[in-house]
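Trainee: Let's see this in three dimensions:
(chains A and B)
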Protein chains: 2
Amino acid sequence: MSDSFSTPQWVHDAVFYQIFPDRFAISPKLSKPDNLEAWDAAPTVHGYKGGDLLGVAEHMDYLHDLGIDAIYFTPVFQSASNHRYHTHDYYQIDPLLGGRPAFDAMLKEAHRRGIRVVLDGVFNHASRGFFQFNDILENEAASPYLNWFKIKGYPLNAYAGQPNYGCWVDLPALPEFNHANPQVQRFIFDVARYWIDQGIDGWRLDVPFCFGDDAFWQEFRRVVKSANPEAYITGEIPWDATRWLRGDQFDGVMNYLLSYACWGFFGNQKLDGYALGQWQDAGHGRDWIRPGAGDFARSVTNLLERYPRPAVLAQLNLLDSHDTARILTIFKGDRDAFRLAETFLFTYPGAPCIYYGNEIGLEGGQDPDSRRAFPWDESRWDADLRAYIQKLTAIRKSHPALRDGDFKILSANGDCVVYLRALGAERIVCAVNRGAGSVSLDLDLTAELEDTCTLRELLRGGETRLQNGRLAFNLPPKSAAVWENVLTGL
Amino acid sequence: MSDSFSTPQWVHDAVFYQIFPDRFAISPKLSKPDNLEAWDAAPTVHGYKGGDLLGVAEHMDYLHDLGIDAIYFTPVFQSASNHRYHTHDYYQIDPLLGGRPAFDAMLKEAHRRGIRVVLDGVFNHASRGFFQFNDILENEAASPYLNWFKIKGYPLNAYAGQPNYGCWVDLPALPEFNHANPQVQRFIFDVARYWIDQGIDGWRLDVPFCFGDDAFWQEFRRVVKSANPEAYITGEIPWDATRWLRGDQFDGVMNYLLSYACWGFFGNQKLDGYALGQWQDAGHGRDWIRPGAGDFARSVTNLLERYPRPAVLAQLNLLDSHDTARILTIFKGDRDAFRLAETFLFTYPGAPCIYYGNEIGLEGGQDPDSRRAFPWDESRWDADLRAYIQKLTAIRKSHPALRDGDFKILSANGDCVVYLRALGAERIVCAVNRGAGSVSLDLDLTAELEDTCTLRELLRGGETRLQNGRLAFNLPPKSAAVWENVLTGL
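Mentor: Numbers count the residues shown, from 1 in each chain, chains lettered A, B, ... in the order given. Predicted coordinates for the structure are as follows:
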């Protein structure tokens, strides 16, 4: 670990919200092309619904009310795909998203509310329409940009036949950059710096495990941090991320290992295997999706010990994303399981990230179903769920121990896990019971708290007092409790 | 003709220089991709030489010394072709040209010297990499932009097979816009306005005869002129242009009809038919390429009567372009013929335009040979030719009658044509003799000049005095004379 490793405090403190821009909101002020899918229709692989960034700007109060501190946007750059991972131009905001004016309005409305904005950087591959690749398609061996990609023959089999150039998972639509070319490196670093200079607060990096040696990512960090030392760098790493989290590359990663552990414990053998798909396979979740409380306790403790502490506090902790089924669907619609899992995420080190719409009960299987449009008709919302998420954001915000405090498992048995968060004099005791029956626990907290300390429960309210340093309580079925120590004489 | 038709005075007064940006100059300050052709190698259809706009900026003094007032650039926008007629992005300056910073530097250096800049607007078609077309390629029927082009089926046969969409002269690389779509119209008008707002001085329009009804071009004019009333609008019309020159659409056109007439008369049956190619066919030059002096006189007079006077004074008068062979090659290397044709162009109403490199004796057959790189090694220049062009620009600049004056044929016989330009008290008598023998003429100018007026010859110097209103002179083989009346008692 680098001696000088530090990660942005705002990330430790943040609650993220992930937005898939085509599906969050449409501004009535923007004119759109003709051929859009109906907002409420089931998403398709290729169709666009026409969501835009002015729509996000117009709903910034909604996010602020929810308690959001940062938005992670899946790609917003000009791209000929509804998910925009096929970048056409890294310097342009997609016209269907409202272009640069809509982006600027969104950024302004976000920053005005103290909400930070992290963009998705897709630097492994571009698209067939990307200028330098398109030049090779048009001019073949005469293109000045041959060395930007991994060309193996002509004519390029870009739209028919087996692709004869390097491309991501053999998809001809996604030609891979030749990262060995210093001009390609310069191009990527320039893009990274440009958007930081334009005011974004960080980068989420797409498939960084596919490209870039240590020197590449070290330079990436240097470029980004020299533009803004407080910028956040997080990577999409769906497995162990040690290599990138030594202090010289990323601040954190999308903490999918934690997702797997949460799926396993809170899903409790009632997971939707079809919805999980390849995420339950070896290399992804197989060794981590475990129902046992002990396994869960070991996993979540391991994840805190596996990486340097600055990275741990800056992890992007998520239950799902645009790349998985939605958590409610993974949990076969079990809202209690979802609530408990979110409770854990909000009381665990690292920044919780809510996938847009989860808070109002949106469901969806794997891509493209997990990318449904946000229903703005409130009658279709699960208002209780949303109020619960609001409560979690409020609790996390008002308790530094939940963000920067130590974490310690107090008990992990059967359906129940109890853990402590501690920072300075602040102590938070959290307990989750995923089971169908209530659980009585009697915990010895003498090592953690004053013998007669009063604890205040934050989710439902109420106080209780330790008896000889012991906390005895009954946890109803499928419920959680979050106690804070009531400090006196301050 | 519109009552309010006026054309920019600066165009009447201007000498244009046409630059093909990949071939004019390379700045040593810009880094370039690896795979460029050698500057001095013969041009190929697909290869790039890497010329850039910073190179143009660095050679602005060269143009200023030549007497240039305006540059017409073939396209400079991001494009996957060396000629850049396959537009990839209308809002970006091509990165190989140095991008926006090089463009801004060029514009600044030009304007600092009073040199105006006209860009090439290619609005009939885009390219296969153009974002909205690329979106259709990627998403087919699900693309929001279906209505931007003329799609007839899927999958698109863009890179193989017969194109199943509207494209220019059946070239799949050049998908034609659907100009009936108001969003396409808006897009084009926005581009047109944007670059005027960025400081360019006008648009040369590519193949405007292929698209756009009267209402379209009227709106185009309104948009451009409302952004800058002094902006120049000229169109590529290689035949009669009456429709566009009534005052409501263009200011002028590329005056190819005049080119044909000049080829015919000055080439004098010694034209290179292979170099002329399709330009000598029906619909283009066939009815205009005539060797006779009488035919020539009638043609050049006709072209002044055919269009409203404001358009006549704002025509872009050229002998060749990137679309033809170079004039020296058309004339089979006859530099005298070239000199005489230029002399005519510089003493005729409308703005003369020099195709880059002609002034130092560059030759070249049809595309791609006419697009050779400018040789900056002065030992390869025809210095006399350049000095002659400098003299012509100086003469035109110092004589308003050559720009805004009336034109009248005085004599047209055999190898010789004599004509008068007149504005206010200024009279210019021009004579060209294309023949191998000297010609003696004795002209009655009593209707035009004082009986004993003194005339000063501007090309070689010397004075002569009318005798009883008659000018008697001997014109050497393949030479021209330009007399101005010496005004006394002012």
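
Trainee: Next up, identify which helix or strand A:L410 is on.
Mentor: A:L410 is part of strand A:406-413, with elements assigned from DSSP states H and E.

Trainee: And that strand, what does it pack against?
Mentor: helix A:293-306, strand A:416-423, strand A:439-444 (3 or more C-beta pairs under 8 Å, 6 or more residues apart in numbering or on different chains; DSSP states H and E). Where C-beta positions appear, they are placed from N, C-alpha and C, glycine not excepted.

Trainee: avg pLDDT for the longest one?
Mentor: Right, the one you point to is helix A:293-306. Model confidence over helix A:293-306, given as mean pLDDT, is 98.

Trainee: CA-only coordinates of that helix in PDB, if you can.
Mentor: This file holds the C-alpha atoms of helix A:293-306, laid out as PDB (Å, rounded to 0.1, in the frame of the first residue of the first chain):
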ATOM      1  CA  ALA A 293     -24.800 -16.200   9.100                       C
ATOM      2  CA  GLY A 294     -21.300 -17.300   9.900                       C
ATOM      3  CA  ASP A 295     -20.200 -17.300   6.300                       C
ATOM      4  CA  PHE A 296     -21.700 -13.900   5.900                       C
ATOM      5  CA  ALA A 297     -19.900 -12.600   8.900                       C
ATOM      6  CA  ARG A 298     -16.600 -14.000   7.700                       C
ATOM      7  CA  SER A 299     -17.100 -12.600   4.200                       C
ATOM      8  CA  VAL A 300     -18.000  -9.100   5.200                       C
ATOM      9  CA  THR A 301     -15.100  -9.000   7.700                       C
ATOM     10  CA  ASN A 302     -12.800 -10.400   5.100                       C
ATOM     11  CA  LEU A 303     -13.700  -7.600   2.800                       C
ATOM     12  CA  LEU A 304     -12.600  -5.100   5.400                       C
ATOM     13  CA  GLU A 305      -9.300  -6.800   6.000                       C
ATOM     14  CA  ARG A 306      -8.600  -7.600   2.400                       C
END
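
Trainee: Go through it and flag the buried ones.
Mentor: A:A293, A:D295, A:F296, A:A297, A:S299, A:V300, A:L303, A:L304 (16 or more other C-beta atoms under 10 Å in any protein chain shown).

Trainee: Show me the helices in the stretch 351-490 of chain A, by range?
Mentor: Ranges of helices within the stretch 351-490 of chain A are A:383-397, A:400-404, based on DSSP state H, counting those that start in this stretch.

Trainee: Those residues of the stretch 251-400 of chain A touching chain B, which are they?
Mentor: With C-beta under 8 Å from any C-beta of the partner chain as the criterion, the stretch 251-400 of chain A does not meet chain B at any residue.

Trainee: For the stretch 51-200 of chain A, which residues are neighbours of chain B?
Mentor: That would be A:78, A:80-82, A:86, A:88-89, A:91-92, A:95-96, A:127-129, A:131, A:134-135, A:137-140, A:142-148, A:155, A:158-160, A:173, A:183, which are the residues of the stretch 51-200 of chain A within reach of chain B (C-beta under 8 Å from any C-beta).

Trainee: among the residues you listed, which are in helices?
Mentor: A:F131, A:N134, A:D135, A:L137, A:E138, A:N139, A:Q183 (DSSP state H).

Trainee: before we move on, the earlier item: report the buried members of the residues of the stretch 51-200 of chain A next to chain B.
Mentor: A:78, A:80-82, A:86, A:88-89, A:92, A:95-96, A:127-129, A:131, A:134-135, A:137-139, A:142-148, A:158-159, A:173, A:183.

Trainee: Closest to A:F216 out of the buried residues of helix A:293-306?
Mentor: The closest of the buried residues of helix A:293-306 to A:F216 turns out to be A:L303 (C-beta to C-beta; 25.7 Å).
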